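In: predicted coordinates and the sequence they were generated for:
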Number of protein chains: 2
Amino acid sequence: MKGVQRGVNAHGVVLLLVVVVLLQKAVLGRPLQLQQLTAVTRPSPKDTAAFARWLVCQSSWGVLSTIASDLGGAPFGNVVSFSDGQPDKGSGIPYFYLTTLDPTARYALKDQRSSFTISEHPIGTCGTKDPENPSCAKITLVGKLTLLDGNSKEAELAQTALFTKHPEMKGWPKGHNFQFFELEIYDIFMINWFGGPKPLTVEQYLQADMNKVTFSF
Amino acid sequence: MKGVQRGVNAHGVVLLLVVVVLLQKAVLGRPLQLQQLTAVTRPSPKDTAAFARWLVCQSSWGVLSTIASDLGGAPFGNVVSFSDGQPDKGSGIPYFYLTTLDPTARYALKDQRSSFTISEHPIGTCGTKDPENPSCAKITLVGKLTLLDGNSKEAELAQTALFTKHPEMKGWPKGHNFQFFELEIYDIFMINWFGGPKPLTVEQYLQADMNKVTFSF
């Protein structure tokens, strides 16, 4: 009986998606965007690890903070694009495509201490909630920002992840010497509901089983 | 003749706005949102100071980075709402409404070194550009994050600025002891076009004459 219910729910979700696509196309005459799709599949805030992975996977940019060695050691946040894998197949590990023409890469090569911060707001699933409202989620991944060896398997992974999500990157000037970086996470801060940050270890985050997620509509 | 041209241009802008409003209402049945309006009044990227002020004034949230004293001094970015004044009357100085229940306020009270980072992407004026594309603007204001005296004139200013832009804040729990903070800016990093960060002093930024702005359509 439970299996049947699950089947019905799955059909319901697919039907809802089709209706949304048709409505969107009919009204606006343009294809459905990722942020509208994800509104349907947002995990329940109670599924802490899965929610965190969903937030990272569905986002395309955030703020990468490093230590500004030339500004008295100030924490320096910089807007960057990122990817943790191909769409809907994220690993949870954020990869970046940075050039030392930009201060963030220069700072990281001197001091790896870093954090990467994402808001749920740009995904489009916060409705009219204020971005600082605890039920509009935010996550900060604290870690070491590491340059990947250009010939490594991981750099290859990073390239696939980034170029799939950010096709424009393929054409960025070769002369600017963009390189692949990874955030080696050692601490996670996430708020996705009232009551303060959710306890979440890096292991729980990386091992989240996205197949056992409950969805909130 | 030049005056006449200016007059015609001004009328053109107003007419364009009216058409956009009517189209929006007709198609979607909901009022025009701020981000659509600002698409019309984006200053030319060449007007560096005015562009920076526009970007700050039209944004409602960003990432505030401080030094995480309990995480080995890592730079810790946190999503926060802010305001630099009433809509379209910004001062350029970002104000925040923070509680020490959240780590950012606690960190700032120990070490004021901070930066505040905004992307143009959420405003809606980057089109299909990647958020890391230099023509999709980003700004980082580096400074000291300072707690305002609750009885000061500046705290009153901060309250008006924040509560006007973020009406939800008025109802946030009194028991959480939210307080007003200001970023005392001492360095500005902004990219809004190709060719690297734009030279911009704090004085130029604060004194930008928003009446002499040229617009890019």
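Out: Looks like it came in fine.

In: in this model residue B:77 seems to touch residue A:63, though I could be wrong.
Out: Yes - here residue A:63 reaches residue B:77: they are 5.0 Å apart, a contact under CB atoms under 8 Å. The way it works is simple: take the backbone N, C-alpha and C, and place the C-beta from them, glycine included.

In: against which helices or strands is the helix or strand harbouring residue A:159 packed?
Out: Assigned by DSSP states H and E, residue A:159 falls within helix A:153-165. The elements that helix A:153-165 packs onto, with contact taken as 3 or more CB pairs under 8 Å, 6 or more residues apart in numbering or on different chains; DSSP states H and E, are strand A:83-86, strand A:89-98, strand A:179-191.

In: dump these to JSON lines, plus mean neighbour count and distance to chain B.
Out: Shown next, in JSON lines, are the helices and strands packed on helix A:153-165 (neighbours: other CB atoms under 10 Å in any protein chain shown; distance: least, CB to the nearest CB, whole Å):
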{"stretch": "strand A:83-86", "mean neighbour count": "22", "distance to chain B": "11"}
{"stretch": "strand A:89-98", "mean neighbour count": "22", "distance to chain B": "8"}
{"stretch": "strand A:179-191", "mean neighbour count": "20", "distance to chain B": "6"}
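
In: if I pick the residue most central in space within chain A, what's in contact with it?
Out: Central residue of chain A (CA atoms, centre = their mean): residue A:56, 2.3 Å from the mean position. By CB atoms under 8 Å, 6 or more residues apart in numbering or on different chains, the residues touching residue A:56 are A:84, A:90, A:92, A:94, A:118, A:139, A:141.

In: please identify the one among the residues you listed that lies nearest to residue A:109.
Out: residue A:94 (17.7 Å; CB to CB).

In: I figured the closest one hits residue A:182, correct?
Out: Yes - here residue A:94 lies in contact with residue A:182, judged by CB under 8 Å, at a distance of 7.4 Å.

In: do the particular helix or strand that has residue A:62 in it and chain B meet?
Out: Residue A:62 is located in strand A:61-68, with elements delineated by DSSP H and E. Yes - using CB under 8 Å from any CB of the partner chain, strand A:61-68 reaches chain B at A:61, A:62, A:63, A:64, A:65, A:66, A:67, A:68.

In: the fifth one: how many residues sit nearby?
Out: This points to residue A:65. Close neighbours of residue A:65, defined as other CB atoms under 10 Å in any protein chain shown, add up to 35.

In: what do you get for the second one?
Out: By the other CB under 10 Å criterion, the neighbourhood of residue A:62 contains 32 residues.

In: tell me the contacts of the closest residue to it other than its chain neighbours?
Out: In this structure, residue A:62 finds its nearest non-sequential neighbour in residue A:118, 4.1 Å apart by CB to CB, 6 or more residues apart in numbering or on different chains. Applying CB under 8 Å, 6+ apart to residue A:118 gives the contacts A:55, A:56, A:59, A:62, A:138, A:139, A:140, B:79.

In: can you list the low-confidence ranges for chain A?
Out: Scanning chain A with the threshold set as pLDDT under 70 gives A:1-40, A:212, A:216-217.

In: still on that earlier bit, got the angle for the strand holding residue A:62 vs helix A:153-165?
Out: Going by axes from the mean of the first three to the mean of the last three CA atoms, to 10 degrees, strand A:61-68 is angled at 130 degrees with respect to helix A:153-165.

In: ok, strand A:61-68: who's next to it in the sheet?
Out: Strand A:61-68 pairs in its sheet with strand A:74-81 (antiparallel), strand A:113-119 (antiparallel), by DSSP bridges.

In: residue B:187: which of those strands is closest?
Out: Across those, closest to residue B:187 is strand A:74-81 (CB to CB), at 7.9 Å.

In: that closest one: how far from the chain's middle?
Out: Relative to its chain's centre, strand A:74-81 lies at 16 Å (CA atoms, centre = their mean, to the nearest Å).

In: for residue A:160, which of the strands paired with strand A:61-68 is the nearest?
Out: That would be strand A:74-81 among the strands paired with strand A:61-68, by CB to CB, at 14.8 Å.
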